[in-house]
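**Q** whatever this is, show me its structure:
(chains A and B)
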Amino acid sequence: MDQETILLTILGMMLVTYFPRVLPVWVLSSRSLPPLFLAWLRYIPVSVMAAMVLPSLIVQDQGLDVSLDNVFLLAAAPTILVAWKTSSLFTPVLLGMVAVAFLRFIATL
Amino acid sequence: MSSETGEPQAFRAWMQGMLLAFPIIMGYIPIGIAFGVLAIKAGVSPINSVFLSLFVYAGSSQLIAIGLIESQAPTLSIILTTFIVNLRHLLMSASVSPYLKGWRMSEVAAFAFQLTDETFAVHSARFASRSWRKAEVFGINVTAQAGWLLGTWLGITVGQFVHDVEPLALDFALPAMFLALLVVQVKERKHIMVALISGLLSVIFLLGGWGKWNVILATFLGATLGVGIEQWTKRQSC
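**A** A predicted model of the protein is given here:
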């Protein structure tokens, strides 16, 4: 594919990516919304984050992996615990990464 | 507002935003490097690779797109795939909209351009805390995209010399961040239920071959279930 076609593709990708990002916030931020819809919106963060993170923890190579060899799954436990106890962002992220590095190191022994 | 003048306060809020974006860029730089390396390998010019990270700025769809470019897929199918993969941002954009009341349209437009899965996760936690400021929001967004561009640039220039980042565990930075921000936002028992159902539905859809739709479908169903439970318990207690 020549670079000009790629550039045109990129511009098309930009438009179709920006549209769903901007449309709801543009239309909805300036009006008052019905309470039931607001209640629904309040569940989106928890719901979408769980929908994004759980596959990254238990799906490996297009298959389910809930074994003890799954370092992401193992490291999730201390990450969740520390996030819950400290309510911070840095401590659990760093601890989770240290746990993953440690478990990988152990696996090479 | 305190009696302090606006500017130093805005500066402090901007710096606070840069700090909050730190876990994001820890995840973005290595993925950006991988993207830069793969884009060059797929025959995308360096400037077009940077344009992808600058104008599209959506990691998973950028990686999918360079795979499609390499396999000579038609332009329209690449654009359509990108649209489907990024459609989940509809829900995130709707979810933050109540907090952006009173913003100028240009500010809303700039904010939305840099709304990614990761910035959304940080924003929604900060918006819920009620102590956020507009400068902080943009500090997070600009820092995050700068990290993504830095990673892309590193991938293009020195990427072929970077071999194995696995021992550094940088690939766990973003899952860990999502976990931490999820835990912070779980405040009631029904949140745990909604999170578990949404996560499991997402896994089921993904394994069932609906990999482009799993997040948006699971989120839609999970949030609807949450409101359903809420309404039902309200009616029970009447």
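**Q** for the rest of this, base every contact and every neighbour count on C-alpha atoms.
**A** Noted.
**Q** can you show me the strands along chain A?
**A** Counting by DSSP state E, one finds strands in chain A at the ranges A:59-60, A:63-64.
**Q** and what of chain B?
**A** All residues of chain B lie outside strands when identified by DSSP E.
**Q** which residue is nearest the middle of chain B?
**A** Residue closest to the average C-alpha location in chain B (CA atoms, centre = their mean): B:Asp117, at 1.7 Å.
**Q** so of the strands of chain A, which one's packed in deepest?
**A** Per residue and on average, the most neighbours among those fall to strand A:59-60, with a mean of 15 (mean count of other CA atoms under 10 Å in any protein chain shown).
**Q** tell me the strands beside that strand, with direction?
**A** With DSSP bridges as the criterion, the sheet partners recorded for strand A:59-60 are strand A:63-64 (antiparallel).
**Q** pLDDT of stretch B:136-147, averaged?
**A** Averaging pLDDT along stretch B:136-147 yields 98.
**Q** residues in contact with it?
**A** Here stretch B:136-147 makes contact (CA atoms under 8 Å, 6 or more residues apart in numbering or on different chains) with B:10, B:13-22, B:24-25, B:28-29, B:54, B:57, B:111, B:114-115, B:119, B:123.
**Q** quick one: the helices in the chain?
**A** In the absence of a named chain, this looks at chain A. Here chain A has its helices, by DSSP state H, at A:3-28, A:35-58, A:71-86, A:90-108.
**Q** meant chain B actually
**A** Secondary structure of chain B by DSSP H: the helices cover B:6-20, B:22-41, B:46-51, B:59-70, B:75-86, B:89-96, B:105-113, B:117-129, B:134-158, B:173-185, B:189-207, B:214-237.
**Q** sorry, back to before: export the strands of chain A to a markdown table and tack on mean pLDDT?
**A** Rendered in a markdown table, the data for the strands of chain A read as follows (pLDDT from 0 to 100):
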| stretch | mean pLDDT |
| --- | --- |
| strand A:59-60 | 92 |
| strand A:63-64 | 94 |
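**Q** okay, now the domains of chain B?
**A** As given by automatic domain parsing, the domain ranges for chain B are B:6-185, B:187-238.
**Q** which stretches of chain A have low pLDDT?
**A** Within chain A, the set of residues satisfying pLDDT under 70 is empty.
**Q** could you do chain B as well?
**A** Within chain B, the stretches with pLDDT under 70 are B:1-6, B:162-166.
**Q** report how many residues lie close to B:Leu206.
**A** By the criterion of other CA atoms under 10 Å in any protein chain shown, B:Leu206 has 19 neighbours.
**Q** how far away is it from B:Ala180?
**A** According to CA to CA, to the nearest Å, B:Leu206 and B:Ala180 sit 23 Å apart.
**Q** likewise B:Trp132?
**A** Plainly put, B:Trp132 is 18 Å away from B:Ala180 if you go by CA to CA.
**Q** looking at those two, which is more packed in?
**A** Just comparing B:Trp132 and B:Ala180: by other CA under 10 Å the higher neighbour count belongs to B:Ala180, 28 against 16.
**Q** in TSV, list the helices of chain A along with mean neighbour count and distance to chain B.
**A** Output for the helices of chain A, formatted as TSV (neighbours: other CA atoms under 10 Å in any protein chain shown; distance: least, CA to the nearest CA, whole Å):
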stretch	mean neighbour count	distance to chain B
helix A:3-28	19	5
helix A:35-58	22	4
helix A:71-86	19	5
helix A:90-108	19	5
